[in-house]
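Participant: one predicted model, sequence on top.
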Amino acid sequence: MDTFWDDVDRHLVRYGGTFTREIIDSASGSFLFTEDGRRILDFTSGQMSAILGHSHPRIVETVQRQIANLDHLFSGMLSRPVVDLARRLSDTLPESLSKVQLLTTGAESNEAALRMAKLVTGKHEVVAFARSWHGMTAAAAAATYSAGRKGYGPATPGNFAIPAPSGDWQAQLDLAFDLIDAQSVGSLAACIVEPILSSGGILEPPPGYFAALSAKCRERGMLLIMDEAQTGLCRTGNWYAFERDGVVPDILTLSKTLGAGLPLAAVITSAEIEAETHARGYLFFTTHVSDPLVAAVGNTVLDVLVEERLDERAAKLGTFLRNGLDDIAARHSLVSDVRGRGLLVGLEIADESLSAPITQRCLDLGLHMNIVQIPGMGGVFRIAPPLTASEEELALGLSILDEAIGSA
């Protein structure tokens, strides 16, 4: 008798939500395959990371080659894949963003970014959106407001939340910073934001907002940190989501999409900020900083993004996906909104009580979906298929979602 689920209940720590009651045996392209032979279309790219799909042959070849040659080093040693990836990432960005540190997770890259900002400004206060998600380590968690704040005692001192923009966003932003100025002890170091708030319900600030936010930061001597864990590297139809707004952050963090499913992250800043942090003794020395194995994977990810022009593909497929979701919304009054950009799209369900049943019905029909349940917003499906998905696969997902919503 198989004791798998008994072992799950007996031995695994439950770390958020419930485990999907499927045993995943393998994955390829846009699909997961269970032990009992079911095929499940993955509309979340794993944890919003596998932008090239699962088991991409180029990634498989790189891992096999690199792990047989050089996988891990003392953190003070360097290898060619690390330096190559740093140079190539810099080449995809505005000239000011030229200094790169390679890490493992999004939380770690945000932790490093906040550490840099505090060190270079000599200040400690941090501003973030009220529906943000920046990670579960200390400083990143203190700047995360969408979940996980209650029950753990005091957060890092000096963290402030501002509302995600809505309505008259300029007046809202002005009021938010009036309140921050009133509460601040005069030590505002940084503002950390996602260009599109994913765990916040796929909320996209309107054009002009980030320019205004950047001005607020400059007025106060704060650094602007952009967290592009989910939006970076072509998912929105641009290489970076901040390109739409003509605003260049002081520090950029990448993760999820950079490793295409493997643990790779980066914090990227200017030569001036790097020089100042170094002069002040910047320390972020981790076990897996500058690891050659995942750096080699990052180089392959860039190769595929460029060669297959996946920014253009994401924009084209995003239009196809959005049209399909708009059609579903037009036929189901249960759908209250469709929003997002490229292949990061949200579909909002007005009745929160139906979110879980629709998600389960999708899974029963062979589609894995992720839904964020937000008080006052119902539930928002976060739809982020691989950039390598076909129109036929997107159409299959739309058909299953349509059926699931229709049966709710």
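Facilitator: Sure thing, it's come through.
Participant: send the alpha carbons of the helix or strand of the chain with the lowest mean pLDDT over as CSV?
Facilitator: Least confident helix or strand of the chain, by mean pLDDT, DSSP states H and E, is strand 370-374 with a mean of 81. The C-alpha coordinates for strand 370-374 follow below in CSV (Å, rounded to 0.1, in the frame of the first residue of the first chain):
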residue,chain,number,x,y,z
ASN,A,370,-3.2,29.8,-8.9
ILE,A,371,-5.7,32.1,-7.2
VAL,A,372,-5.0,34.9,-4.8
GLN,A,373,-7.8,35.6,-2.3
ILE,A,374,-7.8,39.2,-1.1
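Participant: where does the protein dip in pLDDT?
Facilitator: Filtered on pLDDT under 70, the chain yields the residue ranges 1, 374-378.
Participant: do that again at 90, thanks
Facilitator: Residue ranges of the chain with pLDDT under 90: 1-2, 16-18, 351-353, 372-378, 408.
Participant: determine the longest helix present in it.
Facilitator: Criterion DSSP state H: the longest helix present in the chain is helix 310-331.
Participant: return the list of helices and strands in contact with that helix.
Facilitator: Other elements packing on helix 310-331 under the criterion 3 or more C-beta pairs under 8 Å, 6 or more residues apart in numbering; DSSP states H and E are strand 335-341, strand 344-349, helix 391-406. The way it works is simple: take the backbone N, C-alpha and C, and place the C-beta from them, glycine included.
Participant: related to what we said a few turns ago, can you list contacts of the least confident helix or strand of the chain?
Facilitator: For strand 370-374, contacts defined as C-beta atoms under 8 Å, 6 or more residues apart in numbering pick out 43-44, 48, 131, 146, 199-201, 349, 352, 355-356, 358-359, 379-382.
Participant: paired strands for that strand, with orientation please.
Facilitator: Sheet pairing of strand 370-374 (DSSP bridges) gives strand 378-383 (antiparallel).
Participant: so the strand it pairs with versus helix 391-406, what angle?
Facilitator: Interaxial angle, strand 378-383 versus helix 391-406 (axes from the mean of the first three to the mean of the last three C-alpha atoms, to 10 degrees): 160 degrees.
Participant: what about strand 378-383, distance to the chain center?
Facilitator: Relative to its parent chain, strand 378-383 has a centroid offset of 15 Å by C-alpha atoms, centre = their mean, to the nearest Å.
Participant: what does stretch 262-274 give?
Facilitator: 16 Å.
Participant: also stretch 171-180?
Facilitator: For stretch 171-180, the distance to the chain centre is 26 Å (C-alpha atoms, centre = their mean).
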